[in-house]
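*Asks:* Take this sequence and fold it.
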Amino acid sequence: MLEGQKAERGWPRDGVNLEHFRYQNQNRLKKPEQFRGVFNTGKRSIDSLFTVLVKQNNLGYSRLGLVVSKKKLSLAVQRNSLKRLVRESFRNSTIITKGYDIVVLPQKTVNINHKSALKNSLDSHWEKFT
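*Replies:* Next up is the predicted model:
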């Protein structure tokens, strides 16, 4: 970069296009109809930490929706931390290119302090559907 030029939000940094690594807008479930479709006809994968619902979407890329209630995690800091961890796991998995709509719900027993157990659980869910 030449002197006097500003980097646009840090992209690209050191010659690497980081746009590929972002959790993009197209990879999110946003509308209630999208969530409803997954809840009504999606396949379920359940373990002690998460319930994951998956439905094929024929888009060529996967979309993620998160449902984290105050009843499961009472503190906003915990809810946000869990959502960041799930998005990061989704973004780094190969399921993002498969064409699924995915909804992730934490179980009552989820403990945000055991991040490695949470990551392992999510990885095993992703592997079930790839």
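*Asks:* where are the low-confidence patches of the protein?
*Replies:* Low-confidence segments of the chain (pLDDT under 70): 1-23.
*Asks:* need the strands for it, in chain order.
*Replies:* Using DSSP state E, the strands of the chain run over residues 43-46, 50-56, 63-66, 100-106.
*Asks:* Who are the contact partners of the closest residue to Thr51 other than its chain neighbours?
*Replies:* The shortest distance from Thr51 to any non-neighbouring residue, by CB to CB, 6 or more residues apart in numbering, is to Leu105 (4.5 Å). No exception for glycine: its C-beta is placed from N, CA and C like everyone else's. Shown in contact with Leu105 (CB atoms under 8 Å, 6 or more residues apart in numbering): 50-53, 67-68, 72.
*Asks:* ok, of those residues, which come out buried?
*Replies:* Listed as buried from those are 50, 52-53, 68, 72; burial here means 16 or more other CB atoms under 10 Å.
*Asks:* Lys115: which of the residues you listed is nearest?
*Replies:* Using CB to CB, Phe50 comes nearest to Lys115 of these, at 13.4 Å.
*Asks:* from the chain's centre, how far out does stretch 115-128 sit?
*Replies:* Centroid separation for stretch 115-128 versus its chain: 12 Å, with CA atoms, centre = their mean, to the nearest Å.
*Asks:* wait, stretch 103-116
*Replies:* The answer for stretch 103-116 is 13 Å, by CA atoms, centre = their mean.
*Asks:* in this structure, which residue is closest to the centre?
*Replies:* A centroid search over the chain (CA atoms, centre = their mean) returns Arg87, at 3.1 Å, as the residue closest to the centre.
*Asks:* Would you agree Arg44 is in contact with Val38?
*Replies:* No. Contact criterion CB atoms under 8 Å: Arg44 and Val38 do not qualify, at 10.1 Å.
*Asks:* Tell me which of these two has more neighbours.
*Replies:* Higher neighbour count among Arg44 and Val38: Val38, with 20 against 11, using other CB atoms under 10 Å.
*Asks:* If anything else comes up later, I'll come back, but that's it for now.
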